[in-house]
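**Student:** here is a sequence with its predicted model. Questions after.
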Amino acid sequence: MTRKIKTTLLLATCYLLLDSCSNPEPLYQEQILALGALVDISIWGAEPDVARRASTAIAEDFNRIHTTWHAWEASPLTRINETIKSGAAANVDAEMIALIAEAKELSAKSGGLFNPAVGKLIASWGFHSDEPHGPPPDAKTIETLVAAHPSMDALQIEGHTLKSNNPAVQLDFGAIGQGYAVDVAIAHLRKLGIQNAIVNASGDIRVIGKHGGRPWRIGIRDPRGSGIIASVEMQGDESIVTSGTYERFYDYQGKRYHHIIDPRSGYPARGVTSVTVVHSDATTADAASTALLAAGLKGWQKTARDMGVKQVMMIDEQGIVHMDPALTKRIHFEVTPPPKVEIVSAL
Ligand code: AMP
Ligand code: MG
C-alpha cells in the first residue's frame, strides 16, 4: 500500500492460452496494475469467462484495499491516523478492524520488529512518496522518533473503535498490505469455484491447487540482478513472500537508503538484502519477511520461531544464502555456480 495507485485499472497484458492447438493447456493468465504494482494472475482449468470475471473481481479487491490503506494520500487509514493522534476514538469498519487486530498480534509475536506503528519513521526516511527521495533524516530526528516508542501495543480496540494512548503512533500497513490482498484474492477465487491458481503481487504470492498434473513452480528473484536465483515447487495451498531492500530505495550523496526500517535503531535494516518466507497464509508470511529482514543475521531464528514460520531463506549483503533445513529440501538454485549456503535451523 505504499505504492502508487492508478484510479483506473490498467489491464496490461491479457493472454489466453486456451483452445490453441499448439498449446492445449486451459491456462488463463492476466496481468493487472493494482496497488501501483503489477499483479499476475494465473488460473488453470476454469472456463475462460469464469477466469476473466475472477480476474476483474481480484483487480477490484486490490484497488479497494489500496485506497483504504494508503499511508500518505487521503484515505480511511490517514483519517484514522489523524483521529488517534489526538487521543480520540476512530470509527473503523469491520474489515479494517480485523486486519489491525491481526497486525497487533503479528507485531507482538515479532517482538516489535514488524511494527506498522512506525509510519512517522518511514515518512521521515522519505518513503511516504511515490518517488522515495532524500535527504535522510538527521540523527536527532531519528532518536526522537525511536524514543517515543510507537508500538501496536498502544492501540486499544473496542468493538469498531480504535484508540491510541501514544500520539507517536502512525499506522503504515505497507509491510502486510500486499500479502493481505493476495489472501483476499485467493479467498475470492475459491468462492468463485476456482481451485487452481496463482496470485502474484510483485513477489508476494499465494497458490492453490496445481497446474494440471504438476505443482506450481515459483521463482525467487535474485537480489543482485533482475533474474531468478532459485525456484520452489508449491504444495497445494501455500504462500511464498519475499521482502527485498531492492524494492524501494534511493541514493543520497553516494549512499543507498532502503525502505525496511529496523524499529530498534530507526535506521534502514543492515546485513540482509532479501528474505523469503514460505507459509500457509500470505499475510503472516508478509509480516514475517519484513520482521526477519529487520531482525538481520543475528537473532532472526528466534523471530521466525516466535512468529510460527519455519521455511525461511535469507540472502545477506555478501550474497550468502542462510536457510532453514525445512526449505533446503525444496529449493532448487537456478544460477551457476549456486550461491554459498549456510543451513541454520530456525527451530
Ligand atoms: P515489505 O516489502 O513487505 O517488507 O514491506 C516494506 C514496507 O513496510 C515499507 O515500504 C514500509 O512502508 C513498511 N515498513 C518498513 N519497515 C517496517 C517495519 N519494521 N515494520 C512494519 N512495516 C515496515
Ligand atoms: Mg512484508
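**Tutor:** Sure, I can see it. Predicted model, so just to flag it, every value in this text is computed and none were measured. Ligands and ions are numbered 1, 2, ... in the order given.

**Student:** contact residues of the protein facing ligand 2?
**Tutor:** For the chain, the contact set with ligand 2 under CB under 5 Å from the ion comprises Ala175, Ser243, Asp286, Ser289, Thr290. (Each C-beta comes from the backbone N, C-alpha and C, glycine too.)

**Student:** show me the beta-bridge partners of Ile43.
**Tutor:** Per DSSP bridges, the residues bridged to Ile43 are Tyr28, Ala197.

**Student:** isn't it up against Leu189?
**Tutor:** Yes. Ile43 lies in contact with Leu189 (CB atoms under 8 Å); the separation is 7.3 Å.

**Student:** so what sits against both of those two?
**Tutor:** Overlap of the contact sets of Ile43 and Leu189 (by CB atoms under 8 Å, 6 or more residues apart in numbering) consists of Ala54, Ala197.

**Student:** among the residues of the chain next to ligand 2, which are located in helices?
**Tutor:** Asp286, Ser289, Thr290 (DSSP state H).

**Student:** show me which of those residues is closest to ligand 1.
**Tutor:** Nearest to ligand 1 among those is Thr290, at 3.6 Å by CB to the nearest ligand atom.

**Student:** grab the nearest non-local neighbour of that closest one.
**Tutor:** Nearest residue to Thr290, sequence neighbours excluded (CB to CB, 6 or more residues apart in numbering): Ala175, at 3.9 Å.

**Student:** let me see the contact set for the one you found.
**Tutor:** Each residue near Ala175 by CB under 8 Å, 6+ apart is listed here: Phe114, Pro116, Ser243, Ile260, Asp286, Ala287, Thr290.

**Student:** just give me the closest of the residues you listed to Thr276.
**Tutor:** The closest of the contacts of Ala175 to Thr276 turns out to be Ser243 (CB to CB; 8.2 Å).

**Student:** please report how far the closest residue in space to Thr67 that isn't next to it in sequence lies from ligand 1.
**Tutor:** In this structure, Thr67 finds its nearest non-sequential neighbour in Ser75, 6.0 Å apart by CB to CB, 6+ apart. Remark: distance between Ser75 and ligand 1 (CB to the nearest ligand atom, to the nearest Å) = 14 Å.

**Student:** ok, Ile320 next?
**Tutor:** As defined by CB to the nearest ligand atom, Ile320 lies at a distance of 20 Å from ligand 1.

**Student:** over to Glu238: give its phi and psi.
**Tutor:** Dihedral pair for Glu238: phi -150, psi 160, per degrees, to the nearest 10.

**Student:** for this structure, which helix is longest?
**Tutor:** helix 48-69.

**Student:** so what does that one touch, helix or strand wise?
**Tutor:** For helix 48-69, the contact count by 3 or more CB pairs under 8 Å, 6 or more residues apart in numbering; DSSP states H and E identifies strand 27-34, strand 37-44, helix 76-85, helix 94-109, helix 177-191, strand 197-201 as packing neighbours.

**Student:** try it again at 10 Å.
**Tutor:** strand 10-16, strand 27-34, strand 37-44, helix 76-85, helix 94-109, helix 177-191, strand 197-201 (3 or more CB pairs under 10 Å, 6 or more residues apart in numbering; DSSP states H and E).

**Student:** what are the buried residues along stretch 200-217?
**Tutor:** 200-211, 215-216 (16 or more other CB atoms under 10 Å).

**Student:** identify the farthest-apart pair in the residues you listed.
**Tutor:** Pairwise distances across these peak at 23.4 Å for Ser202 and Lys210 (criterion: CB to CB).

**Student:** follow-up on the earlier one: check the ones in helices among the residues of the chain next to ligand 2 one by one and keep those near ligand 1.
**Tutor:** Residues of these in contact with ligand 1 (CB under 6 Å from any ligand atom): Asp286, Ser289, Thr290.

**Student:** could you dump these to TSV with distance to His66 and pLDDT?
**Tutor:** Listed next are those as TSV, based on distance: CB to CB, whole Å; pLDDT from 0 to 100:
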residue	distance to His66	pLDDT
Asp286	15	98
Ser289	19	98
Thr290	18	98
